[in-house]
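A.B. asks: How does the following fold in three dimensions:
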Amino acid sequence: MNCPVCDESRFAHLLVVRGRAVTRCLGCGCVALDALPAPVDDFESPPNELPRNVSRYMDALKRRGFCGGSLLDLSTASTNLAPVVYDAAIMLHLLQRQSAPGELLRRTHAALRPGAPLLLTVPHSRRTAWPIGNRWYFDESTIQLLLLRHGFREVLVRKPSASCMLVTAIRGEPLARPKCSIIVAAFDESRTFPILMDALLKKAIPGVDREIVVIESNSTDGTRELAKQYQGHPEIKLVLQDRPRGKGNAIREGFRHATGDVVLIQDADLEYDLDDYEALLAPILANRALFVLGTRHAGDWKMRKFASQIILSAGLNLGHTFFTGLINVLFRQNMTDPFTMFKVFRRDCLFGLQFQCNRFDFDHELVIKFIRKGYRPLEVPVSYSSRSFRQGKKVRLFRDPFTWLWVDLKLRFTRVLPKYF
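C.D. replies: All right, here's what the predicted structure looks like:
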């Protein structure tokens, strides 16, 4: 048995329900049940829910762009679907019953016109009574990974009840080759910026196309003039801001210009090692994760060590430990380094989210909103060599921590997606 999400063949045993083993994929975390002793029709489904909830489902499809036309109800459709015929599709409590759910999505994708919306309902893997007809259980991450793998995009997941997920997506076109958008925010980094850019242009990622999106924020130390030297380069998009608004603002601007299906955030300093790119991208390219963090903690919590500023570095390390613990408690996580620069994710994760933070509180906002949207961050160890304030570190010790605390508490209680989603 291979996982329909990531093709992993290794599963961990969880429990036994009515004589059927429940296992979890060791790659992406998708949950599976053993096949029934007697085979069932793959397209056999529970009683059609469309008449009972037609208003809710039609409203959801309209919000995703369905303005009328042919609607495919897969609970009553034949397995032989004509290509590029339908303007929308509904799949109610059907996907989890398939021995090969990816095959059903492939046929559905082929039957829909480009840009057509798909609505589906599936039980949530964390809250289930294990009905006897089900074969697979997904969570917010694994259902999105499965849909992205089969050519759908702009995936949104709602939980109208504790046990059910309502998922909508748009029929897109899968890329023949993955593309990574590397976003570089540069401000007053004239010493390190040219070294970084030369290393980035020499850095080849096997099997992956790339684009480098440089956001320069009107530096006063010559960084802007250095950045202009790359204007017109075929692999570089240069965005020149009229004034500095903070790292978070620059990264948000980079999101608007990124076109890759994977996004990687890279600072313009030299604290991180570009040789870690392959390890960070591997889980995403293998369809095992949507969101990866490069953790700087390799067995030692004292990751900042300034030779001439021992007390200051100890204070920063303690602050990091405090805010990491706060986020873990508030959002029920077990992260070691949520504030790492290395944040790598599928660009589709950004869909439906709005960001407001402009400075280093953006690191908190991005991670928390992804967690609130249902994504589990996967942490991968990376190399790190911290620079001191004398070498150019820009965190403001008497201002930024208060903004971090405000963002952490605010996002614990406020909505991160618009209500109608």
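A.B. asks: low-scoring stretches of the stretch 51-200 of the chain, by residue?
C.D. replies: By pLDDT under 70, the low-scoring segments of the stretch 51-200 of the chain are 51-52, 77-79, 126-129.
A.B. asks: The chain - how does it break down into domains?
C.D. replies: The chain breaks down into these domains under automatic domain parsing: 11-171, 179-413.
A.B. asks: Export those domains as JSON lines, with columns for distance to P4 and mean neighbour count.
C.D. replies: All C-beta spots, glycine's among them, are computed from the backbone N, C-alpha and C. Formatted as JSON lines, these follow (distance: least, Cβ to Cβ, whole Å; neighbours: other Cβ atoms under 10 Å):
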{"stretch": "domain 11-171", "distance to P4": "5", "mean neighbour count": "17"}
{"stretch": "domain 179-413", "distance to P4": "10", "mean neighbour count": "17"}
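A.B. asks: okay, the ones you listed in a markdown table with distance to N2 next?
C.D. replies: Below are these laid out as a markdown table (distance: least, Cβ to Cβ, whole Å):
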| stretch | distance to N2 |
| --- | --- |
| domain 11-171 | 9 |
| domain 179-413 | 12 |
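A.B. asks: So which of those is nearest C3?
C.D. replies: domain 11-171 (4.2 Å; Cβ to Cβ).
A.B. asks: Okay, now that closest one: how far is its last residue from its first?
C.D. replies: 30 Å (Cα to Cα, to the nearest Å).
A.B. asks: Just confirm V16 contacts V22, I think it does.
C.D. replies: Yes. V16 is within contact range of V22, at 7.0 Å (criterion: Cβ atoms under 8 Å).
A.B. asks: so after the longest helix seen in the chain, what's the next helix or strand?
C.D. replies: Within the chain, and with DSSP state H defining each element, the longest helix by residue count is helix 310-331. Next along the chain after helix 310-331, taking DSSP states H and E as the criterion, comes strand 343-346.
A.B. asks: For that following strand, name the packing helices and strands.
C.D. replies: On a contact count with 3 or more Cβ pairs under 8 Å, 6 or more residues apart in numbering; DSSP states H and E, strand 343-346 meets strand 262-267, helix 277-285, strand 291-295, helix 361-373.
A.B. asks: In TSV: these, plus distance to S75 and mean pLDDT.
C.D. replies: Shown next, in TSV, are the helices and strands packed on strand 343-346 (distance: least, Cβ to Cβ, whole Å; pLDDT from 0 to 100):
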stretch	distance to S75	mean pLDDT
strand 262-267	34	95
helix 277-285	33	96
strand 291-295	32	95
helix 361-373	28	95
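A.B. asks: Redo the ones you listed as TSV? Include distance to V31.
C.D. replies: Shown next, in TSV, are those (distance: least, Cβ to Cβ, whole Å):
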stretch	distance to V31
strand 262-267	26
helix 277-285	18
strand 291-295	19
helix 361-373	20
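A.B. asks: so which of these gets nearest G246?
C.D. replies: Judged by Cβ to Cβ, the one of the helices and strands packed on strand 343-346 that comes nearest to G246 is helix 361-373, at 7.6 Å.
A.B. asks: quick one: the closest one to chain centroid distance?
C.D. replies: Relative to the centre of its chain, helix 361-373 is centred 11 Å away, using Cα atoms, centre = their mean, to the nearest Å.
A.B. asks: Please apply the same query to stretch 156-165.
C.D. replies: Mean C-alpha position of stretch 156-165 versus that of the full chain (Cα atoms, centre = their mean) differs by 18 Å.
A.B. asks: Equivalent analysis for stretch 144-156, please.
C.D. replies: Between the mean C-alpha location of stretch 144-156 and the chain-wide mean there is a distance of 11 Å, by Cα atoms, centre = their mean.
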